[in-house]
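Chemist: Got a sequence here, can you model it:
(one chain, ligands or ions: 1)
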Amino acid sequence: MKLRTTLLATAVLLAPFGAMAAGAQGKTVGFSQIGSESGWRAAETTVTKQQAEERGIDLKFADAQQKQENQIKALRGFIAQGVDAILLAPVVATGWDEVLEEAKDADIPVILLDRKVDAPDDLYMTAVTSDTVYEGEVAGKWLVDHEAGKDCRVVELQGTTGSSPAIDRKAGFEKAIADAPNITIVRSQTGDFTRAQGKVVMESFLKAEGAANICALYAHNDDMAVGAIQAIKEAGVKPGEDIVVVAIDAVPDMHLAMSNGEANATVELTPNMAGPAFDALEAYWTEGTMPPKWIQTESKLYTVADDNKAIYDMKKSLGY
Ligand code: GZL
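Modeler: Take a look at the predicted model:
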């Protein structure tokens, strides 16, 4: 029942909303998106545009191509345009105070999507994110259970350096394995959340350590894991068996890899951060209600025990 509920929940999260929400009709919202570095990021962009359209919001979309300076420029453009609100997915956690002050001075509410910033929380209305430390803990706990009693040398593909999910997912994983002396991280390097970099860095791990000396890969997102799986196969060893693979996002291709026995576990991150953000803005615009400073989205562990082929098909059918 739980899986079915989750599948339906995912379906609802990804499908366009029928009803037009009066509160947002005709509003203009600027969205500074990081880029399209991963399948999850592309899905987040799709869902955000879908949610805006269904609510009658005029969305001004700016793709930063992974550069903070482009995001800051975009925010200044939105402020100059006098948009009604700003959505920001901050590529890194620091360096936002000045531009967020400018938005506050212009009385334009800012909502953070999927990543946090190291800035005073009066500079943004709310942050819609998962608990990224918990995601790392769930991944770590899964590995501790899976490798109980066995020495397990782990290689880690970190997300974008300085981003809140990379910082948090590392911390959460390390917290989970702290009491498991048999699990040790022997290599850790950023793959910048991309498949291409995930493959390149995994190749360097395999060269440095030797495939036989690597028990597991922990990747901060599925796209790096999928790239790494290619490198593991090209090295002549079996991903999911010789080297277990655990990651985060639960994008369709990770479900496919699990259904093929080439990966083992992932922690789902919903691409629908915009729905809760637009709900908060509608409540603010219609009733003056302020949301809490953090709107947390759900995290759910998927493993090879789940019907991953069915989940893959369902997510693909919804345009993920
Ligand atoms: C996490 C999000 C991360 C995804 C990656 O909330 O910011 O960014 O896990 C994406 O796929 O690159």
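
Chemist: how about the nearest residue to the residue lying farthest from the centre of the chain, chain neighbours excluded?
Modeler: Each residue of the chain has a distance to the centre, and by Cα atoms, centre = their mean the biggest one is for residue 149: 31.3 Å. Distance criterion Cβ to Cβ, 6 or more residues apart in numbering; nearest residue to residue 149, sequence neighbours excluded, is residue 182 at 7.0 Å. (Each C-beta comes from the backbone N, C-alpha and C, glycine too.)

Chemist: Confirm for me that the one you found is in contact with residue 150.
Modeler: Yes. Using Cβ atoms under 8 Å, residue 182 is in contact with residue 150, at 6.3 Å.

Chemist: These two - which one has more neighbours?
Modeler: residue 182 (14 against 9; other Cβ atoms under 10 Å).

Chemist: Identify the residues contacting that one.
Modeler: With contact taken as Cβ atoms under 8 Å, 6 or more residues apart in numbering, residue 182 is in contact with 147-152.

Chemist: try 10 Å
Modeler: 144, 147-153, 215 (Cβ atoms under 10 Å, 6 or more residues apart in numbering).

Chemist: Which among the residues you listed count as buried?
Modeler: Buried subset of the contacts of residue 182 (neighbour count, 16 or more other Cβ atoms under 10 Å): 144, 147, 152-153, 215.

Chemist: Those in strands, which ones?
Modeler: The members of the buried ones among the contacts of residue 182 that map onto strands under DSSP state E are 152-153.

Chemist: quick one: the nearest residue to residue 282 once chain neighbours are set aside from the ligand, how far?
Modeler: Using Cβ to Cβ, 6+ apart and skipping the chain neighbours, the partner closest in space to residue 282 is residue 23 (3.3 Å). As judged by Cβ to the nearest ligand atom, to the nearest Å, residue 23 and the ligand stand 26 Å apart.

Chemist: so residue 23 touches residue 279, yeah?
Modeler: Yes. Residue 23 is within contact range of residue 279, at 9.0 Å (criterion: Cβ atoms under 10 Å).

Chemist: Quick check: neighbours shared by those two?
Modeler: Shared contacts of residue 23 and residue 279, counting by Cβ under 10 Å, 6+ apart, come down to residue 55.

Chemist: where does the chain have low pLDDT?
Modeler: 1-22 (pLDDT under 70).

Chemist: near the ligand, which residues of it show up?
Modeler: 37-38, 40-41, 114-115, 130, 165, 193, 221, 223, 248-249, 269 (Cβ under 6 Å from any ligand atom).

Chemist: hmm, which two among those residues are most spread apart?
Modeler: Largest separation among these by Cβ to Cβ: 37 and 130, giving 17.3 Å.

Chemist: contacting residues around residue 283?
Modeler: Contacts of residue 283 (Cβ under 10 Å, 6+ apart): 23, 289-291.
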